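> the amino acid sequence is not available; the structure is as follows:
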C-alpha cells in the first residue's frame with residue numbers, strides 16, 4: 001500500500017459515498033487508475049465493505065452495555081455454538097475474545113432500554129455455558145470512531 005492508496009482510503013473512510021470523479025480529483029490521479037486501485041484493495045481484502053453509520057440515539061438504541069463473559073471450556077464445539085449464538089442476535093454489535101483480563105469474551109450490546117437489555121441477557125444466558133458474567137452500562141460515549149489511523153502505518157521495505 002503506497003501513499004496514494006492511503007489517501008484514497010483516508011477519504012473513503014470519511015466519505016464512502018464520494019463520486020469516483022471527485023475522489024480521483026482530490027487524490028490527483030485519473031478515474032481509471034483510481035478505480036483500479038479501489039478494486040485491487042477490495043480484492044486484497046483491505047476494503048471489506050462500505051456502510052452507512054447511523055446515530056443510535058436517533059433510531060432509539062441509546063443503551064450500550066458491555067457484557068464480559070468467562071467460560072470454563074474453549075472446545076471447538078463450544079466455540080462454534082457461541083459464534084452461532086452471537087451472530088443470531090443483532091443487538092450484539094461487537095464481540096471480542098480477550099486475553100490478560102478476567103473475562104474471555106467482551107460483547108458490545110445496544111438496546112432501547114435497560115429493561116430490554118435485562119430480557120435479552122436472560123435469554124442469552126439460558127443458551128450459553130459460562131462460569132461468570134458481568135455487565136457494564138456505558139454512561140457516556142466519549143469517543144466513537146469508525147476510521148483507522150492510516151497515517152500511523154509503517155511502510156514495509158522489501
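Perfect, I can see it now. Since the structure is predicted, the reported quantities are computational estimates derived from the model, not experimental observations.
> not counting its neighbours along the chain, what's nearest the residue of the chain most remote from its centre?
Ranking residues of the chain by C-alpha distance from their mean position (Cα atoms, centre = their mean) puts residue 30 at the top, at 31.9 Å. Nearest residue to residue 30 in three dimensions, chain neighbours excluded: residue 24, at 5.9 Å (Cβ to Cβ, 6 or more residues apart in numbering). Placement of C-beta: from N, CA and C, glycine included.
> my read: the one you found touches residue 36, true?
No - using Cβ atoms under 8 Å, residue 24 is not in contact with residue 36; the gap is 10.7 Å.
> measure the residue most central in space within the chain to residue 127 for me?
By Cα atoms, centre = their mean, the chain has its centre lying nearest to residue 94, at 5.9 Å. Applying Cβ to Cβ, to the nearest Å, the value for residue 94 to residue 127 is 19 Å.
> same question for residue 110.
Using Cβ to Cβ, residue 110 is found at 19 Å from residue 127.
> higher neighbour count, those two?
Taking neighbours as other Cβ atoms under 10 Å, residue 110 and residue 127 compare with residue 110 leading, 20 against 11.
> in the helix or strand where the more buried one lies, what's buried?
In this assignment (DSSP states H and E), residue 110 forms part of strand 105-111. By neighbour count on 16 or more other Cβ atoms under 10 Å, the buried set for strand 105-111 is 105, 106, 107, 109, 110, 111.
> which stretches of this structure have low pLDDT?
Residue ranges of the chain with pLDDT under 70: 154-158.
> would you map the helices across it?
Secondary structure of the chain (DSSP state H): helices located at 3-14, 20-27, 31-43, 76-88, 114-125.
> so can I have JSON lines of those helices showing mean neighbour count and distance to residue 51?
Converted to JSON lines, those look like this (neighbours: other Cβ atoms under 10 Å; distance: least, Cβ to Cβ, whole Å):
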{"stretch": "helix 3-14", "mean neighbour count": "16", "distance to residue 51": "11"}
{"stretch": "helix 20-27", "mean neighbour count": "15", "distance to residue 51": "17"}
{"stretch": "helix 31-43", "mean neighbour count": "14", "distance to residue 51": "14"}
{"stretch": "helix 76-88", "mean neighbour count": "12", "distance to residue 51": "17"}
{"stretch": "helix 114-125", "mean neighbour count": "14", "distance to residue 51": "23"}
